[in-house]
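> Need coordinates for the below:
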Amino acid sequence: MKRRWLLFLLPVAFLGLALFFFERLSQDPADRDSALMARDFPAFEATTLADENQRVDQSLLKGQLTLVNVWGEWCAACRQEMPQLLDLADRGIRLVGVNYRDTRENGLAFLNEFGDPFAANIFDPEGDLGFELGVIGAPETFVVDAQGIIRYHHKGYVSPEDVRNRLLPEVEKWR
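Sure thing, here's the model as predicted:
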């Protein structure tokens with residue numbers, strides 16, 4: 001009698017596990033919320049992209065709402081989103097860049113070519129800050145409130161529609 005139940009339960013359990021794993025594997029990892037949501041921006045100390053002698057830390061992100069954009073000269077999507085970032089800066093929204101896994105020379109040349117919407121740029125050549133932020137790849141953008149708490153995380157290219165439908169509403173919500 002026990003064998004019949006076992007013969008019945010084994011395929012049902014296998015099918016249940018298969019459906020669970022299939023559902024999980026079919027999800028886009030970019031759709032998951034950041035583990036840092038509603039937490040303090042990670043502590044860091046780094047130099048700025050423009051000046052290797054100027055040091056900054058997480059206090060840079062306190063006092064007013066800030067969009068933190070992780071970018072690199074090597075990143076094609078970062079080039080595409082630059083007009084949207086320049087537009088956000090023109091609207092009076094403060095942006096801080098994280099120049100991620102790049103060289104100082106390449107980062108500065110990128111900003112010279114495409115414009116610089118950033119109030120400051122954190123130089124992260126080894127990707128240490130990016131690692132602490134859980135960055136999968138550039139570009140990624142974080143809305144950080146005036147207390148230095150991460151309120152929203154946008155993975156990937158910021159399109160004009162993303163500005164209108166996602167970033168601006170989040171900025172208004174946390175301003």
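> ok, now which ones touch the one residue sitting closest to the centre of the chain?
Geometric centre of the chain, nearest residue: residue 140, 3.1 Å, by CA atoms, centre = their mean. The neighbours of residue 140, taking CB atoms under 8 Å, 6 or more residues apart in numbering as the test, are 69-70, 133, 153-156. No exception for glycine: its C-beta is placed from N, CA and C like everyone else's.
> Swap in 7 Å and give it another go.
Counting by CB atoms under 7 Å, 6 or more residues apart in numbering, residue 140 touches 70, 153-155.
> in this protein, which spans are helices?
For the chain, the helices defined by DSSP state H cover 2-25, 76-90, 104-114, 128-133, 160-162, 168-174.
> and residue 140, what are its bridge partners?
Taking DSSP bridges as the rule, residue 140 bridges to residue 70, residue 155.
> between the contacts of residue 140, which has the most around it?
Comparing those by number of neighbours (other CB atoms under 10 Å), residue 70 comes first, having 26 neighbours.
> OK, contacts around it?
98, 100, 130, 133, 135, 138-140.
> Endpoint to endpoint, stretch 43-58 covers what distance?
Stretch 43-58 has an end-to-end distance of 6 Å (CA to CA, to the nearest Å).
> got the buried residues for it?
44, 46-50, 56, 58 (16 or more other CB atoms under 10 Å).
> Check these against residue 146 and report the nearest one.
Set against residue 146, the nearest of these by CB to CB is residue 58 (13.1 Å).
> doesn't residue 148 make contact with that closest one?
Yes. Taking CB atoms under 7 Å as the definition, residue 58 is a contact partner of residue 148 at 6.1 Å.
> quick one: common contacting residues for these two?
Overlap of the contact sets of residue 58 and residue 148 (by CB under 7 Å, 6+ apart) consists of residue 41.
> Under the pLDDT cut-off, which ranges of this structure? List them.
1-10, 12-36 (pLDDT under 70).
> surely residue 118 meets residue 97?
Yes. At 4.0 Å, residue 118 counts as touching residue 97 under the criterion of CB under 7 Å.
> I figured residue 47 hits residue 57, correct?
No. Contact criterion CB under 7 Å: residue 47 and residue 57 do not qualify, at 10.9 Å.
> I'd like to check which residues are in contact with residue 102.
When contacts are counted by CB under 7 Å, 6+ apart, residue 102 touches 72-74, 125.
> Kindly reformat the residues you listed as TSV containing neighbour count and distance to residue 172.
Formatted as TSV, the contacts of residue 102 follow (neighbours: other CB atoms under 10 Å; distance: CB to CB, whole Å):
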residue	neighbour count	distance to residue 172
72	24	29
73	21	31
74	14	33
125	16	34
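> Just the ones of those in strands?
Applying DSSP state E to the contacts of residue 102, no entry is found in strands.
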